[in-house]
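Q: after the sequence you'll find the predicted model.
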Amino acid sequence: MNSFLRKNTVLLITLADITALFIAAAQGMEKKDFVITLLRGLAVGSITFLVASGFSLIFGLLDVLNLAHGTLFMIGAYIGWTVFVRPDTFVDLLTPLALILSGFALRDVYPLLATRIRLGLSMKRILPWALILVSILIFSYILPRYPISFWDIGTYGQSPVTYSFLADQGTRLPAQVALFTEISAPLALIGLLFASIIGAFGISLFNIETQQQFKLNWKNFIGFAILLIVALFVFIFNESLTTALTGLGSNWLFLIAVVVATLSGAGLGALIESTLIRPLYIRPIYQLMLTLGMSAIGIEIVRAIWGRPEFVMPKPAFFNGSSEVCPAANFADWWAHNCSTILLLDGRVRVYNEIFIPIIGVVVLISIWMLLQRTRLGMVIRAGVQDREMVEALGINVRRVFTMVFSLGVGLAALGGILAAPSMGLSNAMGESLFLNALIALAIGGLTNYPGAALGSVLVGLIQQFIIKYGQIGIAIPFTDIIFKPTPPIVPASTVLLMVIILLILPNGLLGKKE
Amino acid sequence: MEYILDVQNIHSFIGQYHILQGVNVRVPKGSITALLGRNGAGKTTTLKSILGLTPPREGKVIYEGKEVQGMRSFDIASMGIGFVPEHRAIFRDLTVEENLKIAERSKGEYIRKKEFIFDLFPDLKRLITLPGTSLSGGQQQMLAIARALVADNHLLLIDEPSEGLAPVIIEHMMKAIQLLSKDSTIVLVEQNFLVASQLAEYYVIIEEGRSVQEGSMKDLANDKAAIHRYLGAA
């Protein structure tokens, strides 16, 4: 018991302080306000945690500060929105995307191919560039001509804002089926496949290690085969798939949107790590510039595709009911009517924003914890965070674990994005502010410490929400008549202040370990 | 003589520093071979170069008849090389058992080797659930060696096993290493000449990044001049 106290002094003091603050806060406001603010804080904390935990896993194992993490969070939200509001666009995109990726799925085959090519030194230098150039040319010819039913950010009536609004009202614009008119279908499909393969081959030529052991077997072709099948299947059954998806209830569609956003995030992460980050492990500064650049590019891409205006993502019907009995009086009532709000201590609580999101946050927290503690992959990650070289010396392919962790981290960020979209709305700036929150949370909790990321995120969320609440009701300063109302700019400042105080006392954060 | 490992004239760099400038090490199968030399001579770098952790820029590393230089570290290690690094490199966030399990290269290896390992180091058995942080120096060294025994390794690279340990524990460690040499070949880096001379059959002296002398340990023990010149010991 004594040793437990000694080892966890810091944590206990922190928890005691937080409890004291809460009791003080609870005195100063009505009970229902307190509960709602608490739940909101937890919700913001959960979303922050999804970004922060992925960032910290990546930083811990790979030593890569992924400055694009906030942008990837935002991209997750926009991808999820597309699946949810425009399933027809999503279905149309599947075939070309699967074809473009199929080339990269063959990456294990290229080194073998490369050793077969005997060329002069100068040709060897030119070859990858030539291949990539040809691939880009083919892509730039086919992709603009490939038929995809799309919105139009130029005309208001066809813009994402309008589609979102209509979907929220329960109507969807009759989707226009895009047809192959400018290019013949077989040419487009084969062209994309070809361009993808030579492009991926070209890229793989840049980082071929001198001597590798390669045995070709059927496993190297699984990913390629799956992608081809997906591409063809979606191409053939395009229309029926679109009708089926549009006809699905919004609950199922939302679930699909969450899964697709998370998986695309994970896939994007794997792609970024294996093509862009991998050559730069020996040049940390370049990594910073690369991820910073990716962040800016990502934002511009989102602006180009989805436009600048903010828009909302409708909530799934499960959390959006509004019959006469709403707000629901209790959870059984809510379950029966799916009200969007529920009464807790006479305060109206939004079920999606303030109850569902924190629950998902806890679920993710526990599942990643289990992954880290109970699986072999988790064991390798924990060991690798401390000593990569030794893990490699045991005969473990750390590089492959790197890709998995990067993909996991970005997948978590994308999950955060799509979950936050119905409550926060979608905007070009949603990633930046949240990323800043996540960084502060990590500094508070300890940079590479998983429980620390959770604790820091919750603290950041709570502080922000309580300050916002006090901005409305004011704090009565003791022994005076003054009522202090924090203004909105104090909200971000307050978390930074908390960070500064904690870092002054504990330079490694609350749960960080000394190096 | 059959050599399990044949390092031929390797040159390795750390950053821009030319650390190894031509090291030759031949390790007869089933022997204990000691790498001797002063601090900073390049002994540890030689071990790391063999494993590809510090990949040599020139020269050859031939392990079991196969050139392995330029291969990725985990591929080299998977061919059956166990590594016990300087300062042990125990994983702090893993329990003792996890520290052993992580070394598995195929499922169930740990279960199969468990008994053998705990016979060799009975201390570890009762520490099994403790985190790696809570071990003493001697226990950490035992764990580091045990970790290299989990997978089927034919060659063990052991770096400074006696460093910072009490004499009683050094003796225990020496017995363990002697026992291990029955089944596997061992390359030992050792500062403590007494320990090295009792354990090893062969030696290679490394001086300023070059291998300068090799032979059988018995001859070296009588060659006081060489000991004095290269090792600074009486």
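A: Everything's here; your move.
Q: could you use CA atoms for every contact and neighbour count after this?
A: OK.
Q: check the secondary structure at the residue of the stretch 351-500 of chain A found nearest chain B for me.
A: Residue nearest to chain B within the stretch 351-500 of chain A (C-alpha to the nearest C-alpha): A:G395, separated by 3.9 Å. Secondary structure state of A:G395, per DSSP: H, G, I helix; E, B strand; the rest coil, is coil.
Q: quick one: neighbours of residue 117, just the number.
A: With no chain named, the answer covers chain A. 9 (other C-alpha atoms under 10 Å in any protein chain shown).
Q: nope, chain B
A: Neighbour number of B:I117 under other C-alpha under 10 Å is 21.
Q: verify the contact between it and B:A151 for me.
A: No: contact criterion C-alpha atoms under 8 Å: B:I117 and B:A151 do not qualify, at 11.4 Å.
Q: element containing the closest residue to chain A within chain B, please.
A: Taking C-alpha to the nearest C-alpha, chain A has its nearest neighbour within chain B at B:F74, 3.9 Å off. According to DSSP states H and E, B:F74 maps onto helix B:73-78.
Q: cool, and A:G411?
A: In this structure, A:G411 sits in helix A:398-424 according to DSSP H and E.
Q: could you give the separation of that helix from the chain centroid?
A: Averaged C-alpha coordinates place helix A:398-424 at 4 Å from its chain's average position (C-alpha atoms, centre = their mean, to the nearest Å).
Q: which helices and strands sit right next to the helix or strand following that helix?
A: Sequence order places helix A:430-445 as the next helix or strand after helix A:398-424, per DSSP H and E. Under the contact criterion of 3 or more C-alpha pairs under 8 Å, 6 or more residues apart in numbering or on different chains; DSSP states H and E, helix A:430-445 touches helix A:31-62, helix A:69-85, helix A:450-473, helix A:490-505.
Q: residues in contact with the shortest one?
A: So the one you mean is helix A:490-505. The contact list for helix A:490-505 (C-alpha atoms under 8 Å, 6 or more residues apart in numbering or on different chains) reads A:440-441, A:443-444, A:460, A:463-464, A:467-468, A:509-510.
Q: Three-state assignment for the most centrally placed residue in chain B, please.
A: The C-alpha lying nearest the average C-alpha coordinate of chain B belongs to B:I158 (C-alpha atoms, centre = their mean; 1.7 Å). Classification of B:I158 using three-state DSSP returns strand.
Q: quick one, what contacts it?
A: B:I158 neighbours (C-alpha under 8 Å, 6+ apart): B:83-86, B:145, B:186-189.
Q: so which of these reach chain A?
A: B:F83 (C-alpha under 8 Å from any C-alpha of the partner chain).
Q: want to throw the contacts of B:I158 into JSON lines with secondary structure?
A: Listed next are these as JSON lines, based on three-state DSSP:
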{"residue": "B:F83", "secondary structure": "strand"}
{"residue": "B:V84", "secondary structure": "strand"}
{"residue": "B:P85", "secondary structure": "coil"}
{"residue": "B:E86", "secondary structure": "coil"}
{"residue": "B:I145", "secondary structure": "helix"}
{"residue": "B:I186", "secondary structure": "strand"}
{"residue": "B:V187", "secondary structure": "strand"}
{"residue": "B:L188", "secondary structure": "strand"}
{"residue": "B:V189", "secondary structure": "strand"}
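Q: and the pLDDT at residue 213?
A: Since no chain was named, I'll use chain A. Predicted confidence (pLDDT) for A:Q213: 54.
Q: oops, wrong one, chain B.
A: B:Q213 is assigned 83 on the pLDDT scale.
Q: chain neighbours aside, what residue packs nearest to A:L245?
A: Distances taken as C-alpha to C-alpha, 6 or more residues apart in numbering or on different chains place A:P87 nearest to A:L245, at 6.3 Å, with adjacent residues excluded.
Q: surely the one you found and A:T246 touch.
A: Yes: contact criterion C-alpha under 8 Å: A:P87 and A:T246 qualify, at 6.3 Å.
Q: so the two - more neighbours on which side?
A: More crowded of A:P87 and A:T246, by other C-alpha under 10 Å: A:P87, with 23 against 19.
Q: quick check: what element follows the worst-scoring helix or strand of chain A on mean pLDDT along the chain?
A: Lowest mean confidence among the helices and strands of chain A (mean pLDDT, DSSP states H and E): helix A:2-7, at a mean of 68. Sequence-wise, the next helix or strand downstream of helix A:2-7 (DSSP H and E) is helix A:9-28.
Q: go through that following helix and flag the buried ones.
A: Buried residues in helix A:9-28, counted by 16 or more other C-alpha atoms under 10 Å in any protein chain shown: A:22, A:25-26, A:28.
Q: what does stretch B:52-65 give?
A: B:52-56, B:58-64.
Q: ditto for stretch B:112-126
A: Across stretch B:112-126, burial judged by 16+ other C-alpha under 10 Å covers B:114, B:117, B:120-121, B:124.
Q: distance to A:A231, pLDDT and secondary structure added to the residues you listed, as TSV?
A: As requested, the buried residues of stretch B:112-126 are exported to TSV (distance: C-alpha to C-alpha, whole Å; pLDDT from 0 to 100; DSSP: H, G, I helix; E, B strand; the rest coil):
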residue	distance to A:A231	pLDDT	secondary structure
B:K114	49	84	helix
B:I117	52	85	helix
B:L120	57	83	helix
B:F121	57	83	coil
B:L124	55	82	helix
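Q: ok, of those residues, which one's closest to A:F406?
A: Closest to A:F406 out of the buried residues of stretch B:112-126 is B:K114 (34.0 Å), distances taken as C-alpha to C-alpha.
Q: contacting residues for A:L119?
A: A:L119 is in contact with no residue at all, counting by C-alpha under 8 Å, 6+ apart.
Q: let me see the contact set for A:V177.
A: By C-alpha under 8 Å, 6+ apart, the residues touching A:V177 are A:149, A:239.
Q: doesn't it belong to a helix?
A: No: read with three-state DSSP, A:V177 is coil and lies in no helix.
Q: quick check, pLDDT for it.
A: Note for A:V177: predicted pLDDT of 71.
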